[in-house]
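Provided below for reference: sequence and predicted model.
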Amino acid sequence: MFKSHRKSQAELIVVPKSLQHKALDICHISHTGLDKTYQIVSNRYYWKGVYIDTKNFVFSCEQCMKNKSFTPKHAPPQSNRIPTRPGDYISVDIKGPLPNSGYVLTVLDHFSIHIVLYSLKNITAETVSKHILNYISIHGRPSQILSDRGLQFTSEVFSLINKTLGIKLSHTSPFHPQTNGQTERLNPAIESSILTLQDQNIYNGLIHPSTGYTPNLLHFGRNLPLIFDTFDNNSEPLFLDKAHYVQDLLQQLNTAYELTYSTLTRKQVEQNNRLAKNSRPRALHVGDIVYLKSKGAFKTRFEGPYTIIAKRGEVNYTIQALDNKSARSFTVHVDRLRYAPGRKSHLISHDTTPNESKTRYFLRSSMHQI
């Protein structure tokens with residue numbers, strides 16, 4: 001049966017429902033996109049709903065989903081908690097291995113933006129936990145620690161330490177550390193100027209744009225002498241009445257803390273508004289089939305398929321390999337997931353064996369086997 005093309009008046013072959021998946025398979029053999037695939041289909045074949053079926057076939061193609069780029073708008077930013085005082089909320093991050101085969105552990109105070117760097121020979125859970133305990137013994141116990149999901153920070157020893165001290169642990173999504181935004185923004189600075197470790201003092205002694213104060217002033221209540229101040233005769237301390245000094249210092253710190261909290265809040269609102277312009281919510285549901293963005297070279301862009309087994313908060317999902325209930329499940333950020341629409345049942349090939357004989361249909365001059 002044939003039907004005339006509405007523009008060219010060429011005769012189109014009317015494909016029965018039982019063979020539509022074969023026609024689409026031929027036209028999509030080069031894995032072209034929707035527009036080009038539909039152009040190939042519509043110039044040769046016809047059936048009711050041909051465009052909708054072509055769209056479903058292309059968008060549900062496993063090879064296309066694994067190998068073609070996918071750049072959806074990011075999920076809306078999630079606001080981080082803004083602390084009201086130094087020492088309340090810290091984040092930790094590991095950088096390396098460095099050229100000398102070592103590592104750097106970064107501890108950032110989210111209120112004062114004060115950083116402490118530790119040089120590590122290895123990054124075992126015991127080594128990392130020991131240095132974080134050392135930080136706590138000097139700077140005090142925080143109420144919350146934010147980290148990625150590295151083995152050092154999800155280990156039993158690290159969890160036990162924090163449980164014993166009553167510290168809440170929070171983790172960023174794997175391969176999506178934007179949750180730990182302040183620490184991530186520090187990484188370029190660490191790479192370029194702070195890796196010598198003594199330069200952290202210079203960083204902490206300079207006014208930070210996020211607060212309007214130096215990290216040292218907010219963290220310790222005073223600006224510490226820097227290497228440039230060694231021969232500065234004006235750096236001698238002023239001897240004031242102790243009572244007046246303490247009262248004046250507390251008043252200055254209270255003012256600084258209030259202004260810092262206000263500035264951090266305003267900066268976060270500005271950042272979220274800026275990010276929200278290029279973001280939109282992505283609604284995925286338990287049971288959906290998805291592909292996961294790959295990491296590393298010489299791999300397909302996406303791997304899978306996986307099925308969503310749980311939703312964690314607003315932007316994280318726990319996934320598991322499809323049809324493998326014994327496979328390890330893990331949690332990822334929605335920005336790393338690519339939704340896989342289900343293919344319509346009549347567009348699925350039901351061939352049981354690759355060598356099974358197939359009926360040949362010759363379509364005029366094209367001589368296509370479908």
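Great, that's in hand. Numbering: from 1, shown residues only.

which residues touch the lengthiest strand in the chain?
Longest strand in the chain by number of residues, with DSSP state E as the criterion: strand 302-312. By CB atoms under 8 Å, 6 or more residues apart in numbering, the residues outside strand 302-312 that reach it are 62, 65-67, 70, 284-294, 317-322, 329, 331, 338, 340. Placement of C-beta: from N, CA and C, glycine included.

Mind checking which of these are buried?
For the contacts of strand 302-312, a neighbour count by 16 or more other CB atoms under 10 Å gives the buried set as 65-66, 288-294, 317, 319-321, 331, 338, 340.

Any idea how far stretch 127-145 is from the middle of the chain?
26 Å (CA atoms, centre = their mean, to the nearest Å).

again with stretch 343-352
35 Å.

got it, and stretch 34-46?
Distance of stretch 34-46 from the chain centroid (CA atoms, centre = their mean) equals 37 Å.

Spatially, which residue comes closest to Ser69, not counting chain neighbours?
Arg301 (6.3 Å; CB to CB, 6 or more residues apart in numbering).

The one you found and Leu292: what is the separation?
10 Å (CB to CB, to the nearest Å).

can you check Lys163 too?
Counting by CB to CB - Lys163 and Leu292 are separated by 31 Å.

Asn80: how many residues sit nearby?
19 (other CB atoms under 10 Å).

Quick check: it is in a strand.
No: according to DSSP: H, G, I helix; E, B strand; the rest coil, Asn80 belongs to no strand; its state is coil.

can I assume it is in contact with Leu108?
No: at 11.9 Å, Asn80 does not count as touching Leu108 under the criterion of CB atoms under 8 Å.

residues in contact with the residue nearest to Ser69?
66-70, 293-294.

could you dump the residues you listed to a markdown table with pLDDT, distance to Thr127 and secondary structure?
Conversion of those to a markdown table gives the following (pLDDT from 0 to 100; distance: CB to CB, whole Å; DSSP: H, G, I helix; E, B strand; the rest coil):
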| residue | pLDDT | distance to Thr127 | secondary structure |
| --- | --- | --- | --- |
| Lys66 | 90 | 39 | helix |
| Asn67 | 89 | 40 | helix |
| Lys68 | 88 | 42 | coil |
| Ser69 | 82 | 39 | coil |
| Phe70 | 79 | 39 | coil |
| Lys293 | 88 | 31 | strand |
| Ser294 | 85 | 30 | coil |
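
For Asn43, state which of the residues you listed is nearest.
Lys68 (23.1 Å; CB to CB).

For the nearest residue in space to that closest one that is not next to it in sequence, give its distance to Ile309.
Among residues not flanking Lys68 along the chain, Arg301 sits closest, at 6.8 Å (CB to CB, 6+ apart). To Ile309, Arg301 is 23 Å away according to CB to CB.

cool, and Gln200?
Gln200 is 43 Å from Ile309, by CB to CB.

neighbour count winner among the two?
Gln200 (21 against 13).

Spell out the secondary structure type for that one.
helix.

so it makes contact with His114?
No: using CB under 8 Å, Gln200 is not in contact with His114; the gap is 9.1 Å.

Show me where this protein has its strands.
2-4, 11-14, 45-46, 89-95, 103-109, 115-120, 144-147, 168-171, 289-293, 302-312, 316-321, 330-333, 337-339.

Quick one: those as CSV, columns for distance to Gly33 too.
Shown next, in CSV, are the strands of the chain (distance: least, CB to CB, whole Å):
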stretch, distance to Gly33
strand 2-4, 25
strand 11-14, 22
strand 45-46, 18
strand 89-95, 39
strand 103-109, 43
strand 115-120, 47
strand 144-147, 40
strand 168-171, 37
strand 289-293, 17
strand 302-312, 16
strand 316-321, 26
strand 330-333, 26
strand 337-339, 15
